[in-house]
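**Student:** Have a look; sequence and predicted model below, questions after that.
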Amino acid sequence: MTIRVNRRTALSLGTVATAGTVFGTTVPAAAEPGPTAMTAAEPGPAGVADAADRRSAVARVGAAYRRETSRAGGNWQAYVSLSSPAGGDPMVAVAESADRRIEAYSVNKIAVAVAVLDKVDRGLLTLDQRVEVSAAIVVPGGDGIFSLDGAYPSQVTLGHVLANLLTVSDDTAVRLCGLLCPAAELNQILRDKGFPNTQVEPVANPNRFYLGTSTPRETHDLLRALVGGTLLTPSSTDVVLRLLRSPVAFTDGIRREMSSTQRARIATKAGWFADARHEAGVIFDAAGAPVLTYALFADGQPGADDYGATHPAVAARARLGRRFLDATDRVGGSGTRHRAHPHRPSNGG
């Protein structure tokens, strides 16, 4: 008998659900993706070539997903799409149990950040305002750096909190966000943005919550809305993407088999607990336009105590990342360009 452990038994945190509009037409994951019709707006031979390249990329992404998830075993729920020319509906490459509502764990720290930054956009918070870090609020042994500090009470800025939330996936950072955006308010912000299923799970303390649930399609849609500029102001959008694309963001999954320059083209967030290993994000083309959006949720593989790169689902995502990048190298993205911030290694001084 397999015993499933829920994170709420270990942390007084929460998991955010993401919900949103449905983009495009679903292609069943069990079948090879079929041709996607060209629009009348596509010009002559160049448009025909581009459409053929995109259909090929969709087929390659779908085939890679089926091959790698079968190899890894366990349960997979996923939604993956490629952008269409001129910002049309995306071309769906993978849709497997896409509307199944599951615990998304730290993938949904993106939605927490979106709600907090919405308050920044409305002038209710500022990135440089101070947040008190008490010993009582620190998650003992949790992921991130706050539990390693050992010198509390202290103060940090909201910007520092978000940086830790979205890069090293700090669990204490979730609680610090809750001080500034309580669970009920966070849920209402997400509902008002059109994500009624993107809801954290409140607890007795109004400033704390479990991160909640999501579906692959809803997580995908939230990311599409983020890069499309409909969730936040340009400056707040840049905050989220700069952190998710940074060199210290998650590197064991999608980005593992890539150069540093290629990694900078990918905004990604992973979530893990018990036997679940999730990851969602966006791949940009060399010019910074989004070209592929993925939401990959996996559980039931062996190795529940392995949170490293050797876990079967994490290793599968590493292989998929390389194949996703290769499959889309001949197609450009569409929509708003988000150029990577320059990385300048330092030797101190």
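**Tutor:** Structure received.

**Student:** C-alpha only now, for contacts and for neighbours.
**Tutor:** Will do.

**Student:** burial of the nearest residue to Ile189 once chain neighbours are set aside, as a residue count?
**Tutor:** Using C-alpha to C-alpha, 6 or more residues apart in numbering and skipping residues adjacent in sequence, the residue nearest Ile189 is Ala115, 6.1 Å away. Neighbourhood size, Ala115 [other C-alpha atoms under 10 Å]: 23.

**Student:** Helix, strand, or coil at Ala173?
**Tutor:** At Ala173 the chain is in helix, as set by DSSP: H, G, I helix; E, B strand; the rest coil.

**Student:** Just to check, it is in contact with Leu165?
**Tutor:** Yes: contact status for Ala173 versus Leu165: in contact at 5.3 Å, counting by C-alpha atoms under 8 Å.

**Student:** So those two - more neighbours on which side?
**Tutor:** Neighbour totals were compared for Ala173 and Leu165, and Ala173 leads with 29 against 26 (other C-alpha under 10 Å).

**Student:** if I look at the more buried one, how far off is Gly348?
**Tutor:** 27 Å (C-alpha to C-alpha, to the nearest Å).

**Student:** so what's Pro206 up against?
**Tutor:** 182-184 (C-alpha atoms under 8 Å, 6 or more residues apart in numbering).

**Student:** Apply 6 Å and report the result again.
**Tutor:** Taking C-alpha atoms under 6 Å, 6 or more residues apart in numbering, we find Pro206 in contact with Pro182.

**Student:** ok, now Leu186?
**Tutor:** Ala115.

**Student:** which SS state does it fall under?
**Tutor:** On the basis of three-state DSSP, Leu186 is classed as helix.

**Student:** all strands for the stretch 201-349 of the chain, in order.
**Tutor:** 201-202, 209-210, 213-214, 266-273, 276-284, 290-299 (DSSP state E, counting those that start in this stretch).

**Student:** Now do the first one: everything it contacts.
**Tutor:** Yep, that's strand 201-202 we're talking about. 183, 209-210, 212.

**Student:** what about the longest helix in this protein?
**Tutor:** When the chain is parsed with DSSP state H, its longest helix is helix 44-72.

**Student:** tell me the mean pLDDT over that helix?
**Tutor:** Taken as a whole, helix 44-72 has a mean pLDDT of 87.

**Student:** That one: which residues count as buried?
**Tutor:** 47, 50-66, 68-69, 72 (16 or more other C-alpha atoms under 10 Å).

**Student:** from the chain's centre, how far out does it sit?
**Tutor:** 22 Å (C-alpha atoms, centre = their mean, to the nearest Å).

**Student:** so who does Ala298 touch?
**Tutor:** 75-76, 276-278.

**Student:** Can you name the two of the residues you listed that sit furthest apart?
**Tutor:** Across these, the longest distance by C-alpha to C-alpha is 11.3 Å; it joins Asn75 and His278.

**Student:** neighbour-wise, which of the two wins?
**Tutor:** His278 (28 against 15).

**Student:** I'd say the more buried one and Asp299 touch.
**Tutor:** No: using C-alpha atoms under 6 Å, His278 is not in contact with Asp299; the gap is 8.1 Å.

**Student:** residues touching Arg175, list them.
**Tutor:** Counted by C-alpha under 6 Å, 6+ apart, Arg175 has contacts Arg208.

**Student:** Now do the helices in the stretch 151-300 of the chain.
**Tutor:** For the stretch 151-300 of the chain, the helices defined by DSSP state H, counting those that start in this stretch occupy 158-166, 171-180, 183-192, 216-227, 234-244, 260-263.

**Student:** what's the closest of those to Arg101?
**Tutor:** Comparing the helices of the stretch 151-300 of the chain by C-alpha to C-alpha, helix 216-227 comes nearest, at 8.0 Å.

**Student:** tell me the mean pLDDT over the closest one?
**Tutor:** 96.

**Student:** how about it: buried residues?
**Tutor:** 216-227.

**Student:** Show me what it is packed against.
**Tutor:** strand 75-82 (3 or more C-alpha pairs under 6 Å, 6 or more residues apart in numbering; DSSP states H and E).

**Student:** Paired strands for the strand it packs on, with orientation please.
**Tutor:** Using DSSP bridges, the strands paired with strand 75-82 are strand 91-96 (antiparallel), strand 290-299 (antiparallel).

**Student:** Contacts made by that strand with the rest, please.
**Tutor:** Here strand 75-82 has contacts from 90-98, 216-217, 291-300, using C-alpha under 6 Å, 6+ apart.

**Student:** looking at the strands paired with strand 75-82, which is closest to Asp305?
**Tutor:** Per C-alpha to C-alpha, nearest to Asp305 of these: strand 290-299, 12.5 Å.

**Student:** That closest one: how far from the chain's middle?
**Tutor:** Distance, stretch centre to chain centre, for strand 290-299: 8 Å (C-alpha atoms, centre = their mean).
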